[in-house]
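> Fold the following.
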Amino acid sequence: MKLSELARLTGASVDGGLNSIEITGAAGLDDAGPSDVSFLANPRYTAKVNSTRAAAVYLAEGAQTDRAIAVLRTKDPYLAYTRALRLFYPEPTFAAMIHESAVIDPSSSVAGTARIEAGVVIGPGCQIGEGVHIYPNVTIYENVVVGKNSIIHSGVVIRERSQLGERVVIHNNVVVGCDGFGYAKDEQRRWLKIPQTGRVVIEDDVEIGAGTTIDRASVGESRIGRGTKIDNLVQIGHSCTVGEDSLLCAQVGLAGSSHIGNRVILAGQAGVAGHLTIGDDVVLTAKSATSHDVPAGKVISGIPAFENKDWLRSTAAFRRLGEMQRRLRELEKKLEEVLGRKSGGMPPS
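Next up is the predicted model:
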């Protein structure tokens, strides 16, 4: 692909008259070859532009380099590079088929353009849309809907009544729609299981990482909003809602009836207690947990989480506690000596 065409397709412009350079791939600055395009998004790595073997590099508007190398100018080099990667490494295509070892209930419908691989089990009353690709050994319970062009990888279990939108990607060993964790204590103080009669709804363009579990609601639904991306090993409790375009990173945990807004970022191992509301555009930093509602736009940290700026100051002070304690003891000793002299007595030993 000519550099000029790559620039057009990725929303960039070419510096100088190097439009005819042939580009065949995309890679990071360290790994790029002589026909690859690369990118610089973090100024810390500017020196690597001088040593990269790449034929061209995406740079932000105004960014400079000392080396004579083809430059593609763009507001967001990382975004443009991502688009280049998608051009050079598109999703693989597949032929429609139903493997002879797949077990599909006669009451379910499978679109003619779907691909159902070996060992798949599809229960009664299901609807599998056009262009769906279900990898081997997936189990789909009754009355499940899978929207068109969705991809379900090996080992996934989709439980009863779950609904998946279009272009949903579910990675290996995810469980969607398992029983919510709900029990009532009876007269003998034994746990009585609450029936989990609800469902899970996954909207369009959601991606769910390996090993994640999303519980269905006891009544009503658990819902994941359009465009949200969920990392590996995330636990989403029953009756939770997650808004659009949010990011839930690895090992995040949402207790039951948590309500997460749009464009929220929950960093790795962050936790949200039950029945809380997290507003739009909130960031909960890694290993933090909140036991209270969080207004829109806040960045919070710690356990229990509070304003990130205050948390940073607090952690800086915490690191100095040992030194502060030593100085306090020295000041106390000096004060006792001064008070002892003023009273005419001997200073305390």
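> what helices or strands is the strand or helix carrying residue 83 leaning on?
Using DSSP states H and E, residue 83 maps to helix 77-88. When contacts are defined as 3 or more CB pairs under 8 Å, 6 or more residues apart in numbering; DSSP states H and E, helix 77-88 packs onto helix 3-10, strand 25-26, strand 36-39, strand 56-60. C-beta here means a position set from N, CA and C on the backbone, and glycine is covered the same way.
> What are the contacting residues of the helix or strand following it?
Downstream of helix 77-88, the first helix or strand assigned by DSSP H and E is strand 97-98. Outside of strand 97-98, the residues within contact range by CB atoms under 8 Å, 6 or more residues apart in numbering are 104, 110, 114-117.
> Please repeat the previous calculation with a cut-off of 6 Å.
115-116 (CB atoms under 6 Å, 6 or more residues apart in numbering).
> So for the longest helix along the chain, what gets flagged as buried?
Secondary structure of the chain per DSSP state H: the longest helix is helix 321-342. Within helix 321-342, no residue is scored as buried using 16 or more other CB atoms under 10 Å.
> Tell me how many other residues surround residue 264.
24 (other CB atoms under 10 Å).
> ditto for the one 5 residues further on
Burial of residue 269, expressed as a neighbour count using other CB under 10 Å, amounts to 15.
> which residues touch it?
So residue 269 contacts 251, 287 (CB under 6 Å, 6+ apart).
> okay, it: pLDDT?
At residue 269, the model reports a pLDDT of 96.
> And for the one 10 residues further on?
In the prediction, the pLDDT value recorded for residue 279 is 97.
> which residues make contact with the helix holding residue 83 from outside it?
Under CB under 6 Å, 6+ apart, the answer for helix 77-88 is 10-12, 25-26, 37, 39, 41, 58, 60, 74.
> quick one on the thing from earlier: which of the helices and strands packed on helix 77-88 sits most buried?
strand 36-39 (a mean of 27; mean count of other CB atoms under 10 Å).
> returning to that earlier point: could you give the separation of the helix holding residue 83 from the chain centroid?
Helix 77-88 sits 19 Å away from the centroid of its parent chain (CA atoms, centre = their mean, to the nearest Å).
> now swap in stretch 151-167 and tell me
Taking the mean of its C-alpha atoms, stretch 151-167 sits 18 Å from the chain's own mean (CA atoms, centre = their mean).
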